[in-house]
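Enquirer: Pasting the sequence and the predicted model now:
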Amino acid sequence: MSIIINPTTLAKNNAVQLLSTDTAAYNADIILVTKTWFKTHHNKSFTDKVGYNCFRFDRCKRRGGGVCIYVKSIIKATRVLFTNTVENAEYLWINFEIGNMSVFLCCCYHPRKPCYSSSELIDMLCMHINNILSSNSNAVLILAGDLNKLDCSKFEIDQGVIQLVNQTTHSRSVLDKCLTNRPDLYSSVSVISSLIDTKHKAVFIESCSKGRNGKTDDGIKQNTAGKIVIYNRSPDSIERLRKAFTSYSWSGLLNSVECGTIDVSTAFSDFYTIVKWHLEKFIPTKTVSVKAKDPSFCLSLLPPSKHYCVKEID
């Protein structure tokens, strides 16, 4: 699931066509656009892209603004509506399934001079996230768009999401952001120049399971020659890991976050390092060789009784 965040107007001539070229170049599954400038007179024939479904929220009674999300047609997405909202806030939630994961994605535009207080928007989005997680604690959350100078620390502290974009996207600032509770699903974040004339850079977020040149036209990842680490997932191994996590003292890491000694991003990095160390220590592994001609689905043919899962060696 790769994503392009592109903050620019699509209402001008040929902008949608240029966006289609950007999309094809990066084989993006989902495109988030802020400041679309779409209005009611822009019908589907103007806004639609071949092979994608368009969800849009247009700014009313004032020029500019608006957000939209293009989703590949093979992804069955639906719009999500919440009863609690902030007047004049420009955002759009959708939900779709990827494998066994339920993904809730929000495209949001927070202008420099909003008609609401920033705290109202933050509280509203936090309420939306809480509503989602209360019904599905395993949901994948993605909040992205042109957030300008919105303070996202509350999302990071209260909701446990991580901001993925570290490069400047406008002048010397990071205005276009992507926050998620599953940063492990993404392998790279790039700031790129769009073909559309805009002062903002676009952001391309590539998933771990998909590469620009690593998929066939039908979306199936092609195998490459190399070695695969197979992790033993037997009940005994999982039980050893569980006991190790239970006995480990997390108080130092938690206290550092609460006291402000380290930020949330550093804390997550430390947490990831600790988890990785435990996995390597308590879960047995073995290495197998994979040939380039071996189809990817062969990996799923490992006997279930072996309790193995696989991971490619970097």
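Expert: Received it, and whenever you're ready, just let me know what you need. Residues are numbered from 1 along each chain as shown.
Enquirer: hey, where'd the helices end up in the protein?
Expert: 15-26, 44-47, 118-135, 153-159, 235-247, 251-258, 264-282 (DSSP state H).
Enquirer: Of the ones you listed, which shows the lowest average pLDDT?
Expert: Note on the helices of the chain: helix 44-47 shows the lowest mean pLDDT, a mean of 67.
Enquirer: partner residues bridging the residue lying closest to residue 142 once chain neighbours are set aside?
Expert: Distances taken as C-beta to C-beta, 6 or more residues apart in numbering place residue 105 nearest to residue 142, at 4.4 Å, with adjacent residues excluded. Using the backbone N, CA and C atoms, a C-beta is placed for each residue, glycine as well. Residues in a beta bridge with residue 105, per DSSP bridges, are residue 94, residue 142.
Enquirer: residues in contact with residue 105?
Expert: 30, 32, 69, 93, 94, 95, 96, 142, 143, 144 (C-beta atoms under 8 Å, 6 or more residues apart in numbering).
Enquirer: Kindly indicate the member of the residues you listed with the most neighbours.
Expert: residue 32 (30 neighbours; other C-beta atoms under 10 Å).
Enquirer: Return the distance of that residue relative to residue 88.
Expert: Relative to residue 88, residue 32 is positioned 20 Å away (criterion: C-beta to C-beta, to the nearest Å).
Enquirer: So for residue 165, what pLDDT did the model give?
Expert: pLDDT, residue 165: 90.
Enquirer: Contact partners for it?
Expert: So residue 165 contacts 174, 176, 177, 178, 189, 191, 203 (C-beta under 8 Å, 6+ apart).
Enquirer: Count residues in the vicinity of the second one, would you?
Expert: Residues within reach of residue 176, counting by other C-beta under 10 Å, total 25.
Enquirer: Number the chain from 549, please
Expert: All right, first residue 549 from here; so that's residue 724.
Enquirer: Please spell out which residues along stretch 794-812 are buried.
Expert: Neighbour-count burial for stretch 794-812, with 16 or more other C-beta atoms under 10 Å as criterion, is recorded at 801, 805, 812.
Enquirer: just to revisit the earlier point, point out the ones among the contacts of residue 713 that are inside strands.
Expert: Among those, DSSP state E puts 724, 725, 726, 737, 739, 751 in strands.
Enquirer: how about CSV for those, with pLDDT and distance to residue 609 added?
Expert: Below are the ones in strands among the contacts of residue 713 laid out as CSV (pLDDT from 0 to 100; distance: C-beta to C-beta, whole Å):
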residue, pLDDT, distance to residue 609
724, 89, 26
725, 91, 27
726, 93, 29
737, 88, 35
739, 87, 33
751, 89, 30
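Enquirer: Closest one to residue 590 out of these, please.
Expert: residue 724 (22.7 Å; C-beta to C-beta).
Enquirer: which one is the closest one nearest to, not counting chain neighbours?
Expert: In space, residue 724 is closest to residue 717, 4.1 Å off (C-beta to C-beta, 6+ apart).
Enquirer: how about the one you found, what does it touch?
Expert: 555, 723, 724, 739, 748, 749, 751.
Enquirer: and those residues, which are buried?
Expert: 555, 723, 724, 739, 748, 749, 751.
Enquirer: Just give me the closest of the residues you listed to residue 830.
Expert: Using C-beta to C-beta, these come closest to residue 830 at residue 751, 37.1 Å.
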